[in-house]
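Asker: this is a predicted model, with the sequence first.
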Amino acid sequence: IFSSIFGAKALKKANKNALAAQETATKEATAQFDPYAAAGASALPAYLNAIGQGDSNAAIQSFQNSPLYQLQYGAAMKAGQDNTAAMGNAAGLRNSGATLKALQDRASQTTNNAFQQYISPLAGLNEMGLGIADRKAGLLTNQGQNQANYFMNKGQIKAGQMAGFDGLLNGGIKMLGGFM
């Protein structure tokens with residue numbers, strides 16, 4: 001009986017230490033995910049705006065202020081305009097409808113390509129943030145389950161100790177009854 005009582009105390013202490021170690025590991029792991037979750041969360045409003053689920057004016061302004069737009073679109077448009085104008089000049093059609101249509105088509109195509117290149121990383125950041133949130137939720141769920149198991153074990157240990165004391169007490173009473 002005494003060995004089960006002392007064994008129960010050792011088990012309770014081991015469970016408590018294991019739970020504390022698991023809580024520390026979970027906190028450290030979730031903290032390492034925080035920058036990625038923050039990146040995904042910060043990209044979400046821009047992504048929603050860009051796909052028409054928010055402020056479309058903010059989306060256009062953000063896109064036009066992006067380095068991608070400033071560098072790639074500007075250079076591509078200038079090259080396209082120069083090439084189209086050169087071809088129009090060579091053919092004597094600089095301000096013709098066909099030349100203006102070609103410039104308009106080039107602008108539309110270049111804008112579309114640049115926008116797709118702009119929105120793709122936003123979508124990727126959102127997916128990363130969602131994946132990280134899912135992993136953090138899994139870690140925290142596991143921690144919650146481990147805490148529940150700890151308290152169940154603690155209750156079972158206490159019940160076992162009480163049963164041991166009960167057995168010791170009943171045995172002592174029976175023994176005393178035999179002397180009377």
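Answerer: Yep, it's here. What you are looking at is a predicted structure, and each value in this text was computed from that prediction instead of being measured. Numbers count the residues shown, from 1 in each chain.

Asker: which parts of the helix or strand bottoming out on mean pLDDT in the chain are buried?
Answerer: In the chain, no helix or strand scores lower on mean pLDDT, DSSP states H and E than helix 74-91, which sits at a mean of 71. By neighbour count on 16 or more other C-beta atoms under 10 Å, the buried set for helix 74-91 is 76, 77, 80, 84, 88. Yep, even glycine has a C-beta here, placed from its N, CA and C like the rest.

Asker: for the residue nearest the centre of the chain, which residues are in contact?
Answerer: For the chain, residue 132 is the residue whose C-alpha lies nearest the centre (C-alpha atoms, centre = their mean; 2.3 Å). If you count contacts by C-beta atoms under 8 Å, 6 or more residues apart in numbering, residue 132 has them with 33, 36, 37, 40.

Asker: and the second one, what element?
Answerer: What that stands for is residue 36. Element membership for residue 36 (DSSP states H and E) is helix 2-50.

Asker: what packs against that helix?
Answerer: Applying 3 or more C-beta pairs under 8 Å, 6 or more residues apart in numbering; DSSP states H and E, we find helix 2-50 packed against helix 56-65, helix 97-179.
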